[in-house]
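Novice: predicted model follows, preceded by the sequence.
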There are 2 protein chains.
Amino acid sequence: MAIDKKSTITIKDIAGELGISASTVSRALANSPLVKPETREAVQALAKKYNFQPNYTALSLRSNQTKTIGVIIPQIVHNFFSLVIRGIEDYSYSQGYSVIVSSSQEIYEREVMDSRTLLAGRVDGLLACISKETGNYDHLNEFVDRNIPLVLFDRAPEKVNATKVVIDDFQAAYLATSHLIEKECRKISYIGGPENLNIYKRRFEGFKAALKDQNVAFHPEIVVHCESEDFDECVDATAKVTGSTFDGLFATTDIMAIAAIKNIKKKGWKIPEDVAVIGFSNWPISSIYEPSVSTIDQPGYEMGRRSAQLLIEQIKDKENISIKKDILPVELIERESSKRA
Amino acid sequence: MAIDKKSTITIKDIAGELGISASTVSRALANSPLVKPETREAVQALAKKYNFQPNYTALSLRSNQTKTIGVIIPQIVHNFFSLVIRGIEDYSYSQGYSVIVSSSQEIYEREVMDSRTLLAGRVDGLLACISKETGNYDHLNEFVDRNIPLVLFDRAPEKVNATKVVIDDFQAAYLATSHLIEKECRKISYIGGPENLNIYKRRFEGFKAALKDQNVAFHPEIVVHCESEDFDECVDATAKVTGSTFDGLFATTDIMAIAAIKNIKKKGWKIPEDVAVIGFSNWPISSIYEPSVSTIDQPGYEMGRRSAQLLIEQIKDKENISIKKDILPVELIERESSKRA
DNA sequence: TATTCTAATGAAAACGTTTGCAAGTCTTTT
DNA sequence: AAAAGACTTGCAAACGTTTTCATTAGAATA
């Protein structure tokens, strides 16, 4: 292979060929009124001929901004999060920003390391969703302290004073639970995610509040908090619950809902006749599975878009960063698993 | 908010405070033997105290490399591709490279635009998987012509002379089909993806070759090529096939396999007793669905890792780029949908 | 004591841009 | 015809590094 010297041409090359200075070329390219129309046209024609692309790195160095935003996400192989990323990308690219994604794999140390790496001059701002393990927020507060734009989404700890984009988990769980009560359920099982994550804590609270407000008894023996997202482990964890009887079940994840359904089927109980079930997140599988699973649709794409928008606003006006909290609406989707008169 | 002047410190700041020159600081930080041990220690101590991080952009400008690789992928909300991305990220980060991902959303124009954007000085090399629409490869050949490292994965057109990481689609389909024949299937339906994509063309060829080699008749009336990946559309498309009878079905996607299963169930045919089914890709849903679906496991994570590895090798030795073709092994996973004596 | 060698440091250039300032050439005005 | 103004352009600095080359001071040699 040949060595690719001069495969990429610079402003100086154009200047040289035209016998003018680099400054004039720069101005001509920027359509500055300071340059004579003929000069401008000559420059632009040559730039086009050579397919000139300004060197991004040089631009960054001069302007002290990378036009890149960083994203830290717990998992990438995950329907909800990949939707979020798509939203982030769509908006960012439309604004001329690139996106660097790094996934912590739900490991606290990786999250800390990644945030430091990104902070080291690679990005103009950060979008983050904390891992399940994360209990210490120093690495995030460092952004706040140094006045570097930061937006937290979905799993957003109260303790960090940054802009947040979330759903109202309490309200969403309240909605799901009320849906079951409306379907005549009077003894409802709860299958939740790890309670140390705020979102699951709040969903549990929403569940209990809905019961209380509507005078339905709470039964601790049919409550399970499941740590894992692995399907088989969910099946094992939810098996505990089918030791008792119940007529409704709310799971904070569609995967858990389906795991529970598997156990319910095994018992010979009919869905939705004997037990009505509702999940959470509206994963693709919930509409394909049989029975199709009622769920709470979580607007992942919108969450990504909105987070990116708020972040880029902050980047563009760093002097006046104001902390916001955006709560996105959720929607209940009724499917076979809870459809009954 | 306060203005963050000097929130980030440079080599010059350290030099100033120590009353030495920037060059010495640079050398001290690099542990050069040219600097006096005391000087080196003083510099390093101060760097540590201020948590000095070298400016990435300046480094890039000087060294003419961004330590970033670009990835163009058709979709990000897709189990296989997100696995690939994870593989790419894991390897790249381990080598000190960042990753910029952009998804074409299966749109040719976006793919072209994204490749141009990334080419414009943002990345040291590109990893790409073409969209379903892509039939013209000029944008990729531009990389080859300009000697910029490029690795194609999964959907890799023959016409581009670049390193490729793929699975042997012919062989994989041959394997799946032979599995059905082994299970006593003698009239096998084929549900494929769009034929203009090489991978589907080759899977179809593998399917037909397996039939021929084992003297099983090919029945064109139970063949469907389905354009969409949307589940409901797949259900509609595969319905055509259940107009005839058959005792085996091979689908080139798990989603299509499940769509077909839905139609088969509707007919009242038993799986696997009346019809044995096998899919392709080993999506999570295929193990959760009832019946669980036999499939060909496609090593997405490995494909990502390997692609990144080959790309980074090329980046590190641009003078001697050699074109390789890596074919990753697939594995047949037998589940309920084809399990019979 | 004069010369050479070695060790440590600094000055400056370079990477590719943008932009404030100075300077040049024409026109216009008085 | 001289001064002022309007247009164009170029020079140089700056962004934060690394690295080549030159320089200094001191030590070793003759």
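Specialist: That came through, no problem. Numbering: from 1, shown residues only, chains lettered A, B, ... in the order given.
Novice: show me where chain A has helices.
Specialist: Counting by DSSP state H, one finds helices in chain A at the ranges A:11-18, A:22-29, A:37-49, A:56-63, A:79-94, A:108-119, A:138-145, A:169-182, A:198-213, A:231-239, A:254-267, A:284-288, A:300-316.
Novice: using a markdown table, please lay out these together with distance to residue B:246 and mean pLDDT.
Specialist: The way it works is simple: take the backbone N, C-alpha and C, and place the C-beta from them, glycine included. Shown next, in a markdown table, are those (distance: least, CB to CB, whole Å; pLDDT from 0 to 100):
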| stretch | distance to residue B:246 | mean pLDDT |
| --- | --- | --- |
| helix A:11-18 | 65 | 95 |
| helix A:22-29 | 64 | 96 |
| helix A:37-49 | 58 | 96 |
| helix A:56-63 | 56 | 94 |
| helix A:79-94 | 32 | 96 |
| helix A:108-119 | 49 | 92 |
| helix A:138-145 | 57 | 93 |
| helix A:169-182 | 42 | 98 |
| helix A:198-213 | 46 | 97 |
| helix A:231-239 | 30 | 94 |
| helix A:254-267 | 28 | 96 |
| helix A:284-288 | 22 | 95 |
| helix A:300-316 | 39 | 97 |
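Novice: with distance to DNA strand C and mean neighbour count as extra columns, can I get those helices in CSV?
Specialist: Putting the helices of chain A into CSV (distance: least, CB to the nearest atom of the strand, whole Å; neighbours: other CB atoms under 10 Å in any protein chain shown) gives the following:
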stretch, distance to DNA strand C, mean neighbour count
helix A:11-18, 3, 17
helix A:22-29, 3, 19
helix A:37-49, 10, 15
helix A:56-63, 3, 17
helix A:79-94, 20, 23
helix A:108-119, 22, 19
helix A:138-145, 26, 17
helix A:169-182, 45, 21
helix A:198-213, 43, 19
helix A:231-239, 52, 18
helix A:254-267, 49, 22
helix A:284-288, 45, 20
helix A:300-316, 15, 22
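Novice: I'd like those helices written out as JSON lines, with distance to residue B:253 added.
Specialist: Formatted as JSON lines, the helices of chain A follow (distance: least, CB to CB, whole Å):
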{"stretch": "helix A:11-18", "distance to residue B:253": "49"}
{"stretch": "helix A:22-29", "distance to residue B:253": "47"}
{"stretch": "helix A:37-49", "distance to residue B:253": "43"}
{"stretch": "helix A:56-63", "distance to residue B:253": "38"}
{"stretch": "helix A:79-94", "distance to residue B:253": "17"}
{"stretch": "helix A:108-119", "distance to residue B:253": "32"}
{"stretch": "helix A:138-145", "distance to residue B:253": "40"}
{"stretch": "helix A:169-182", "distance to residue B:253": "32"}
{"stretch": "helix A:198-213", "distance to residue B:253": "32"}
{"stretch": "helix A:231-239", "distance to residue B:253": "20"}
{"stretch": "helix A:254-267", "distance to residue B:253": "21"}
{"stretch": "helix A:284-288", "distance to residue B:253": "13"}
{"stretch": "helix A:300-316", "distance to residue B:253": "23"}
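Novice: quick one: whatever residue of the stretch 201-341 of chain A ends up closest to chain B from residue A:93, how far?
Specialist: For the stretch 201-341 of chain A and chain B, the shortest gap (CB to the nearest CB) falls at residue A:285, measuring 5.0 Å. From residue A:285 across to residue A:93, the span is 29 Å (CB to CB, to the nearest Å).
Novice: so which of the helices of chain A comes closest to residue B:48?
Specialist: helix A:108-119 (14.3 Å; CB to CB).
Novice: show me what that closest one packs onto, helices and strands only.
Specialist: strand A:68-73, strand A:98-103, strand A:125-128, helix A:138-145 (3 or more CB pairs under 8 Å, 6 or more residues apart in numbering or on different chains; DSSP states H and E).
Novice: can you list contacts of that helix?
Specialist: Residues from elsewhere that reach helix A:108-119 (CB atoms under 8 Å, 6 or more residues apart in numbering or on different chains): A:70, A:72, A:74, A:100, A:102, A:104, A:126, A:128, A:130-131, A:133-136, A:139-140, A:142-143, A:148, B:53, B:98.
Novice: whichever of those residues end up buried, select them in ChimeraX.
Specialist: To isolate in ChimeraX the members of the contacts of helix A:108-119 that are buried, counting by 16 or more other CB atoms under 10 Å in any protein chain shown, one can use:
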select /A:70,72,74,100,102,104,126,128,130,131,133,134,139,140,142,143,148 /B:53,98
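Novice: ok, and the closest non-adjacent residue to the residue nearest in space to the middle of chain A?
Specialist: Nearest residue to the geometric centre of chain A (CA atoms, centre = their mean): residue A:84, 3.9 Å. Leaving out its chain neighbours, the residue that sits closest to residue A:84 by CB to CB, 6 or more residues apart in numbering or on different chains is residue A:304, at 3.9 Å.
Novice: list the residues that contact the one you found.
Specialist: Per CB under 8 Å, 6+ apart, neighbours of residue A:304: A:83, A:84, A:85, A:86, A:87, A:88, A:89, A:90, A:91, A:153.
Novice: and if you look at residue A:46?
Specialist: Neighbours of residue A:46 in contact, by CB under 8 Å, 6+ apart: A:14, A:17, A:18, A:52.
Novice: touching, the first one and residue A:52? I think so.
Specialist: Spelled out, that is residue A:14. Yes. Under the criterion of CB atoms under 8 Å, residue A:14 makes contact with residue A:52 at 6.6 Å.
Novice: what pLDDT does the closest residue to residue A:72 other than its chain neighbours get?
Specialist: Nearest residue to residue A:72, sequence neighbours excluded (CB to CB, 6+ apart): residue A:128, at 4.4 Å. Looking at residue A:128, its pLDDT stands at 98.
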